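[1] Got a predicted structure plus its sequence, pasted below:
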Amino acid sequence: MKAKILKSRPPPRIGRSGARTLRGWILGVAVLAMSPLTGGAAASVLIIGGGIAKDCSEAVIRGRYDNDTMRLCTTALEIETLSLGDRARTLVNRGVIQLRRQAYVEARADFDAAGRIEPKLGEVYVNRGAALVAEDRFAEGLSEIDRGLALGVEKPERAYYNRALAHENLGDVKAAYYDFQRAAELDPKWAAPKEELARFSFKSR
């Protein structure tokens, strides 16, 4: 008999029309660190070497998205002499703040700007994908996440988690299940994908 994957309860609804918002993952320059946002999808943060940009990245990694943190990141971009790489990563980090604020248009603008500087930075695309998923633009978000994964990211489990959300909301339950499973395997200590997997069950037919 074949096994059919069934949802044990309805899929998560995220973004503008849903009951849940971003859970979020963030990226850093040398090291990628993850911290929870509020709700469903995940975002990616980058750590900067020094100065105001480093203070910005550390605040974002701690989960902050208040006005002071936003000003810190903006100040780094406006007055600090940054390498192109650090500028791109600071734009990503500011975009993560916008994700946490559910300011998705502004978040994507920062990710787009970072991508123009470093078009091969995978975290640009997985974060942009997270924003699109949060906007219920699941097919577009899926495409961006796939692009980021192909380029390589330091915390791929967050990308697989977001891709699972996109797959499930597009009706591909099997793909969603295996992406949640992959996220859980990559980061066994991360509870979020395990919580989602608990909604699925197998039924013989």
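    Arrived safely.

[2] Show the average pLDDT along the helix or strand encompassing Leu149.
    Taking DSSP states H and E as the definition, Leu149 sits inside helix 138-151. Taken as a whole, helix 138-151 carries a mean pLDDT of 96.

[3] What is the least confident helix or strand in the protein?
    Ranking every helix and strand in the chain by mean pLDDT, DSSP states H and E puts strand 32-33 at the bottom, with a mean of 30.

[4] Pull out the buried residues from the longest helix along the chain.
    Scanning the chain for the helix with the most residues, using DSSP state H, yields helix 84-100. By neighbour count with 16 or more other C-beta atoms under 10 Å, helix 84-100 contains the buried residues 86-100. All C-beta spots, glycine's among them, are computed from the backbone N, C-alpha and C.

[5] low-confidence ranges in the protein?
    1-50, 204-205 (pLDDT under 70).

[6] Kindly recompute the last result at 50.
    Within the chain, the segments meeting pLDDT under 50 span 1, 8, 15-40.

[7] before we move on, back to that, which of the buried residues of helix 84-100 sits closest to Ala166?
    Nearest to Ala166 among those is Leu99, at 15.4 Å by C-beta to C-beta.

[8] ok, which stretches of this structure are strands?
    3-7, 32-33, 45-46, 200-204 (DSSP state E).

[9] And the closest residue to Thr90 other than its chain neighbours, how close does it get to Leu99?
    Excluding the flanking residues, the one nearest Thr90 by C-beta to C-beta, 6 or more residues apart in numbering is Ala53, at 4.7 Å. Applying C-beta to C-beta, to the nearest Å, the value for Ala53 to Leu99 is 18 Å.

[10] Same check on Lys194?
    In terms of C-beta to C-beta, Lys194 sits 23 Å off from Leu99.

[11] Over to Ala198?
    Taking C-beta to C-beta, one finds Ala198 at 25 Å from Leu99.

[12] Kindly report the same for Ala176.
    Ala176 is 21 Å from Leu99, by C-beta to C-beta.

[13] One more: Pro156?
    Counting by C-beta to C-beta, the separation of Pro156 from Leu99 is 18 Å.
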